[in-house]
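> Let's see this in three dimensions:
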Amino acid sequence: MTARRTTFLFTALGLLTAALFIADLAVGSVAVPLGDVWAALTGGSCDPATSDIILKIRLLKAITALFAGAALAAGGLEMQTLFRNPLAGPYVLGVSSGAGLGVALFLLGAPLLGVAGHSFVRSLGVAGAAWLGSALVLAIVMAVSRRIKDIMVILILGMMFSSGVGAIVQILQYLSKEESLKAFVIWTMGSLGDVTFDQLAVLVPSIIAGLLLAVVTIKPLNLLLFGEEYAVTMGLNIRRSRGLLFLSTTLLAGTVTAFCGPIGFIGLAMPHVTRMLFRNSDHRVLVPGTVLSGAAVLLLCDLVSKMFTLPINAITALLGIPIVVWVVLRNKSVTA
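Residues are numbered from 1 along each chain as shown. Now for the predicted structure:
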């Protein structure tokens, strides 16, 4: 019965994600019939203007939403298992803020160094800066979590890291030139629609690499559910596993933050939604399930944001906050 339910849920999630992807291409300021969407994608007869809207604008945004949702959700699952903390996530623990600091240093400092001319070089620079920033904060949080086991203390420290990073970013903004400041302020608003072909050429392979690392770490994640001591007795190389999880989370959270800005709550909420749907704690089920559910939900959020002309961050927050409250009330181990 459980296997049948799992198969059904995976099929339903896959079909839902595909349907939302197509709907994301059809919905916008100009509604496009599904027949024209299909014709544009397959090279059939279609109005050139409609084809340009689908292929040059909406397809980029839909692909970005698909991969960003999958990446944030998978990164959140890895962090929750690694820290054994139900409220862990890229946004909450300050990893996204670290990536933001890296992007700020690059966007506000690169023009002064003259290295931001070519768009592809700029894309690589933004991604690299985000990876370094997120890796730095993640390393600090991991070091602290090995000494402090209290969930709420770690969360408070994560918020303090975010505040400290925010203060540094404000200083950089104050000292930067007008053009660089404008580019950074637009980035901080969080958007799926500003990703270009050059940026997509960096974003997609980086996220695929991060997701492949997540698949490789499925067995270590299952062992870490029972604690590090048990995992060691079962022959797990803790340092190697931590390193792989560290690299995967950095690639996933850092890449999305670099190109889409800070998008909150997807990484925190979707692992819990997936556990609730599948009623399973096995990462062989949770990892692909979280990837699919994260992709579907961010596509849905993008649809809602286009229909009501709202920022994507507002939609993800409205979705994620009730789930966070539910997790806090449900987990008796989380105490004030």
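> show me what contacts the nearest residue to Ala88 once chain neighbours are set aside?
Sequence neighbours aside, Met79 is the residue nearest to Ala88 in space, at 4.2 Å (criterion: Cβ to Cβ, 6 or more residues apart in numbering). Every residue, glycine included, has its C-beta placed from N, CA and C. With contact set as Cβ atoms under 8 Å, 6 or more residues apart in numbering, Met79 has these partners: 85, 88-90, 93, 95, 249, 267.
> what do you get if the cut-off is 10 Å, keeping everything else the same?
85, 87-90, 92-93, 95, 138, 141-142, 245, 249, 252-253, 267-268, 271 (Cβ atoms under 10 Å, 6 or more residues apart in numbering).
> If you count neighbours, what's buried in whichever strand or helix holds Ala12?
Using DSSP states H and E, the element containing Ala12 is helix 2-26. Within helix 2-26, the residues scored as buried using 16 or more other Cβ atoms under 10 Å are 6, 9, 13, 16-17, 20-26.
> Now that we have those, can you turn them into JSON lines and tack on distance to Leu181?
Listed next are these as JSON lines, based on distance: Cβ to Cβ, whole Å:
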{"residue": "Thr6", "distance to Leu181": "50"}
{"residue": "Leu9", "distance to Leu181": "46"}
{"residue": "Leu13", "distance to Leu181": "41"}
{"residue": "Leu16", "distance to Leu181": "40"}
{"residue": "Thr17", "distance to Leu181": "37"}
{"residue": "Leu20", "distance to Leu181": "35"}
{"residue": "Phe21", "distance to Leu181": "35"}
{"residue": "Ile22", "distance to Leu181": "38"}
{"residue": "Ala23", "distance to Leu181": "36"}
{"residue": "Asp24", "distance to Leu181": "31"}
{"residue": "Leu25", "distance to Leu181": "34"}
{"residue": "Ala26", "distance to Leu181": "36"}
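> Closest to Pro262 out of those?
Among the buried residues of helix 2-26, Asp24 lies closest to Pro262 (Cβ to Cβ), at 21.1 Å.
> tell me, how many neighbours does the residue nearest to the closest one when sequence neighbours are not counted end up with?
Once flanking residues are discounted, Asp24 sits nearest to Ala62: 4.4 Å by Cβ to Cβ, 6+ apart. Look at Ala62: counted by other Cβ atoms under 10 Å, it has 21 neighbours.
> Next, the contact list for Ala62, please.
By Cβ under 10 Å, 6+ apart, the contact set of Ala62 is 20-25, 54, 192, 299, 302-303.
> Save those as JSON lines, and put in pLDDT and distance to Ala258 too.
Below are the contacts of Ala62 laid out as JSON lines (pLDDT from 0 to 100; distance: Cβ to Cβ, whole Å):
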{"residue": "Leu20", "pLDDT": "95", "distance to Ala258": "24"}
{"residue": "Phe21", "pLDDT": "96", "distance to Ala258": "23"}
{"residue": "Ile22", "pLDDT": "94", "distance to Ala258": "27"}
{"residue": "Ala23", "pLDDT": "93", "distance to Ala258": "27"}
{"residue": "Asp24", "pLDDT": "93", "distance to Ala258": "22"}
{"residue": "Leu25", "pLDDT": "92", "distance to Ala258": "24"}
{"residue": "Ile54", "pLDDT": "90", "distance to Ala258": "26"}
{"residue": "Leu192", "pLDDT": "84", "distance to Ala258": "13"}
{"residue": "Leu299", "pLDDT": "95", "distance to Ala258": "20"}
{"residue": "Asp302", "pLDDT": "92", "distance to Ala258": "18"}
{"residue": "Leu303", "pLDDT": "92", "distance to Ala258": "24"}
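> Centre-most residue in this structure?
Geometric centre of the chain, nearest residue: Leu72, 2.2 Å, by Cα atoms, centre = their mean.
> ok, now how distant is that residue from Ile54?
25 Å (Cβ to Cβ, to the nearest Å).
> Equivalent analysis for Ala88, please.
Ala88 sits 38 Å away from Ile54, going by Cβ to Cβ.
> Compare the two (neighbour count), which wins?
Ala88 (27 against 22).
> That one touches Ala253, doesn't it?
No: contact criterion Cβ atoms under 10 Å: Ala88 and Ala253 do not qualify, at 11.5 Å.
> what touches both of those two?
Listed contacts common to Ala88 and Ala253 are 75-76, 78-79, 95, 267; contacts here mean Cβ under 10 Å, 6+ apart.
> Of all pairs in the residues you listed, which one spans the longest distance?
Maximum pairwise distance in those, criterion Cβ to Cβ, is 10.9 Å, between Glu78 and Val95.
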